[in-house]
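[1] Sequence first, then the predicted structure, then my questions.
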Amino acid sequence: MTDHTASLPGTDELRRRALDALRRVGASVPAGTGLSARSPITGETLLDLRADTADDVGRAVDEAAEAFATWRTTPPPVRGELVRVLGELLREHHGDLADLITIEAGKIRSEALGEIQEMIDICDLAVGMSRQLYGRSIASERPGHRLAETWHPLGVVGVISAFNFPAAVWSWNTAVALVCGDTVVWKPSELTPLISIAASRLLDRAIERTGAPAAVHRLLLAGRDGGEALVDDARVALLSATGSTRMGREVGPRVAARFGRSLLELGGNNASVVTPSADLEVTLPGIVFAAAGTAGQRCTTLRRLIVHRDVADEVVDRVAAAYARLNVGDPFDEKTLVGPLVNERAATAMATALDRAAADGGTIVAGGNRLGSGGGVFVEPALVRMPGQTAVVREETFAPILWVLTYDTFDEAVALHNDVPQGLSSSIFTRDQQEAERFLAADGSDCGIANVNIGTSGAEIGGAFGGEKETGGGRESGSDAWKAYMRRATNTINYSDRVALAQNVSFL
Ligand code: NAD
């Protein structure tokens with residue numbers, strides 16, 4: 001791996017770039033204390049910001065609840081116009097938002113641009129959805145009766161998001177919630193306040209341009225305490241929370257205790273099965289992008305490689321050779337493929353996991369070292385052969401570690417694959433149609449996402465996104481995921497001139 005950490009932009013330069021991007025978007029930063037914007041490139045603080053208090057959370061929900069009263073009866077295609085204008089503004093400021101993501105989350109330029117493209121895509125999808133919020137017509141057992149389902153807005157949607165998709169996750173929720181007639185209160189990650197301010201400002205501008213009620217969206221800049229206040233507010237009808245399984249384990253029961261709805265998008269421990277028939281020209285780029293891309297900080301990052309014993313040595317050698325060519329360093333540099341980890345805690349988690357793996361008999365085949373001497377956390381993605389699926393392999397370590405396990409029979413591969421608590425994304429590399437179909441079948445992969453001949457990361461917004469087991473069971477984005485943001489009413493309409501009771505009950 002090539003260490004490119006010698007020439008990194010300094011904190012002053014990053015601060016200037018961030019302020020320039022914010023100015024172009026038309027956003028200003030609330031000066032004060034309680035929260036800091038920092039960059040993982042240098043590990044240093046860029047700006048201090050005023051954190052919102054519990055009172056601010058209450059006020060934001062008050063305002064969003066009031067706006068809901070008019071927004072819910074605004075015709076859905078008119079609501080879609082707001083999201084269409086947001087999409088236009090995102091296109092206009094594509095580069096500015098990507099700059100902020102690179103500065104605050106450390107994503108390489110191409111992936112930061114990709115995240116904003118995903119936001120534009122979901123806006124386009126949601127505009128179409130605004131004319132497609134359809135119910136069903138159902139056959140009634142009674143003459144002269146009609147049975148129907150209608151979908152109505154739900155209320156205030158609270159969105160809590162993670163640092164690693166600091167803007168896209170907000171847009172998945174917000175674009176869909178807004179066309180569904182909900183209003184949104186957003187508590188982004190405390191690690192990425194600047195991109196949140198910029199994205200929120202663009203929505204404010206779209207609101208001003210379309211004349212939508214100002215409080216259809218409210219931004220809260222706060223840490224975990226702000227998130228907790230949102231979780232416990234009974235006026236928040238749906239709490240959509242993206243982050244670690246630890247967070248979901250706290251949030252889920254608290255929302256359930258007040259009979260609120262939650263949509264949980266939590267940690268993954270994603271695997272690819274590589275079979276003897278796999279085309280390695282397709283498999284290798286798929287593995288390397290999924291495992292080392294975003295410095296291993298995607299929920300869908302490939303963390304486990306389950307390789308048939310006959311091809312394991314060749315696959316490991318070729319992945320190690322590809323890893324040797326990865327440039328690690330400045331995420332603004334076009335040659336860089338691996339940017340920084342988000343903070344020291346992530347580096348410690350990675351080092352601890354590698355130590356535990358060594359104690360379990362694992363062997364580091366490539367990478368695993370810390371690079372650079374500055375405050376930013378740069379690491380070489382690690383490739384580790386393991387003798388079995390030990391406890392450390394079954395946990396999500398949010399850093400670039402790819403555990404390699406071997407298998408002999410297809411059933412063994414599927415059993416290994418499913419034997420983790422998480423259930424987000426999965427894939428199989430094979431030319432054997434029977435193996436591909438078995439992997440996708442009911443007794444194959446138990447994940448919310450199951451792919452063939454591509455990696456585990458990089459989902460398109462047209463499909464529903466989310467996972468099972470400790471990943472939380474939520475679904476966002478495309479397909480019919482919009483239904484989570486609405487309430488369903490079943491209607492029975494009697495257009496006859498007689499009374500007919502269901503199940504032939506007679507009364508009076
Ligand atoms: P995190 O759990 O530390 O924080 C996520 C958000 O939750 C932050 O906004 C944080 O302030 C808030 N939060 C934390 N504890 C809370 C509590 N008790 N009550 C209310 N809010 C609380 O996660 P992170 O480090 O920012 O992100 C990485 C994690 O997110 C990984 O586990 C990753 O797999 C997961 N993730 C999942 C998806 C998905 O769609 N499944 C997408 C992105 C990230």
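    It's in. This structure is a prediction, so every number in the text was calculated from the model and none was measured.
[2] which parts of this protein sit against the ligand?
    Residues of the chain lying close to the ligand (Cβ under 6 Å from any ligand atom) are 160-165, 187, 189-190, 223-224, 227-228, 231, 242-244, 247, 250-251, 265-268, 299, 396, 398, 424, 471. To be clear about C-beta, it is placed using only N, CA and C from the backbone, and glycine gets the same treatment.
[3] Ramachandran coordinates for Gly268?
    phi -120, psi 170 (degrees, to the nearest 10).
[4] swap in the one 3 residues further on?
    Note on Ala271: backbone dihedrals following degrees, to the nearest 10 are phi -130, psi 150.
[5] Who is the residue lying closest to it once chain neighbours are set aside paired with across the strands?
    Spatial nearest neighbour of Ala271, excluding adjacent residues (Cβ to Cβ, 6 or more residues apart in numbering): Arg304 at 3.8 Å. Beta bridges link Arg304 to Ala271, Trp403, judged by DSSP bridges.
[6] What separation do you get for Tyr495 and His145?
    Per Cβ to Cβ, to the nearest Å, Tyr495 is found 7 Å from His145.
[7] try Glu104
    Going from Glu104 to His145 by Cβ to Cβ gives 57 Å.
[8] Repeat that for Phe165.
    Phe165 is 47 Å from His145, by Cβ to Cβ.
[9] Of those two, which one has the most company?
    Neighbour totals were compared for Phe165 and His145, and Phe165 leads with 25 against 16 (other Cβ atoms under 10 Å).
[10] Contact partners for the closest residue to Leu8 other than its chain neighbours?
    Spatially, and ignoring its direct neighbours in sequence, Leu8 is nearest to Asp330 (5.1 Å; Cβ to Cβ, 6+ apart). Taking Cβ atoms under 8 Å, 6 or more residues apart in numbering, we find Asp330 in contact with 4-5, 7-9, 41, 336, 339.
[11] Narrow those to those in strands?
    His4 (DSSP state E).
[12] Could you save the contacts of Asp330 as JSON lines and add columns showing neighbour count and pLDDT?
    Listed next are the contacts of Asp330 as JSON lines, based on neighbours: other Cβ atoms under 10 Å; pLDDT from 0 to 100:
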{"residue": "His4", "neighbour count": "19", "pLDDT": "77"}
{"residue": "Thr5", "neighbour count": "19", "pLDDT": "83"}
{"residue": "Ser7", "neighbour count": "8", "pLDDT": "86"}
{"residue": "Leu8", "neighbour count": "23", "pLDDT": "95"}
{"residue": "Pro9", "neighbour count": "19", "pLDDT": "96"}
{"residue": "Ile41", "neighbour count": "28", "pLDDT": "98"}
{"residue": "Thr336", "neighbour count": "20", "pLDDT": "97"}
{"residue": "Gly339", "neighbour count": "29", "pLDDT": "98"}
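[13] Name the nearest of the contacts of Asp330 relative to the ligand.
    When the contacts of Asp330 are ranked by distance to the ligand (Cβ to the nearest ligand atom), Gly339 comes first, at 15.6 Å.
[14] Just give the nearest non-adjacent residue to the closest one, would you?
    In space, Gly339 is closest to Pro331, 3.4 Å off (Cβ to Cβ, 6+ apart).
[15] How about Arg356?
    Among residues not flanking Arg356 along the chain, Val392 sits closest, at 4.2 Å (Cβ to Cβ, 6+ apart).
[16] I'd guess the one you found is in a helix, am I close?
    Yes: under DSSP: H, G, I helix; E, B strand; the rest coil, Val392 falls within a helix.
[17] ok, it to Arg303 distance?
    11 Å.
[18] Distance from the helix or strand of the chain with the lowest mean pLDDT to the middle of the chain?
    Here the helix or strand of the chain ranked lowest by mean pLDDT, DSSP states H and E is strand 2-4, holding a mean of 78. Remark: strand 2-4 is offset 29 Å from the chain centroid, using Cα atoms, centre = their mean, to the nearest Å.
[19] counting contacts, what elements does that strand pack onto?
    In terms of contacts (3 or more Cβ pairs under 8 Å, 6 or more residues apart in numbering; DSSP states H and E), strand 2-4 is packed against strand 327-329.
[20] Check what pLDDT the residue nearest to Leu8 gets.
    What the model reports for Asp330 is a pLDDT of 97.
[21] Contacts only, for the residue nearest to Arg356.
    Counting by Cβ under 8 Å, 6+ apart, Val392 makes contact with 353, 356-357, 360.
[22] Using PDB, write out every CA atom in the longest helix seen in the chain.
    Using DSSP state H to define each element, the chain has its longest helix at helix 109-129. Output in PDB follows, covering the C-alpha atoms of helix 109-129 (Å, rounded to 0.1, in the frame of the first residue of the first chain):
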ATOM      1  CA  ARG A 109     -13.900  12.700  -3.900                       C
ATOM      2  CA  SER A 110     -15.500  10.200  -6.100                       C
ATOM      3  CA  GLU A 111     -17.500   8.600  -3.200                       C
ATOM      4  CA  ALA A 112     -18.500  12.000  -1.800                       C
ATOM      5  CA  LEU A 113     -19.800  13.000  -5.200                       C
ATOM      6  CA  GLY A 114     -21.600   9.600  -5.400                       C
ATOM      7  CA  GLU A 115     -23.300  10.300  -2.100                       C
ATOM      8  CA  ILE A 116     -24.700  13.500  -3.400                       C
ATOM      9  CA  GLN A 117     -25.800  11.800  -6.600                       C
ATOM     10  CA  GLU A 118     -27.700   9.300  -4.500                       C
ATOM     11  CA  MET A 119     -29.500  12.300  -2.900                       C
ATOM     12  CA  ILE A 120     -30.400  13.600  -6.300                       C
ATOM     13  CA  ASP A 121     -31.600  10.200  -7.300                       C
ATOM     14  CA  ILE A 122     -33.900   9.800  -4.300                       C
ATOM     15  CA  CYS A 123     -35.400  13.200  -5.000                       C
ATOM     16  CA  ASP A 124     -36.200  12.100  -8.500                       C
ATOM     17  CA  LEU A 125     -37.700   8.900  -7.200                       C
ATOM     18  CA  ALA A 126     -39.800  10.700  -4.600                       C
ATOM     19  CA  VAL A 127     -41.200  13.200  -7.100                       C
ATOM     20  CA  GLY A 128     -42.500  10.200  -9.100                       C
ATOM     21  CA  MET A 129     -43.800   8.500  -5.900                       C
END
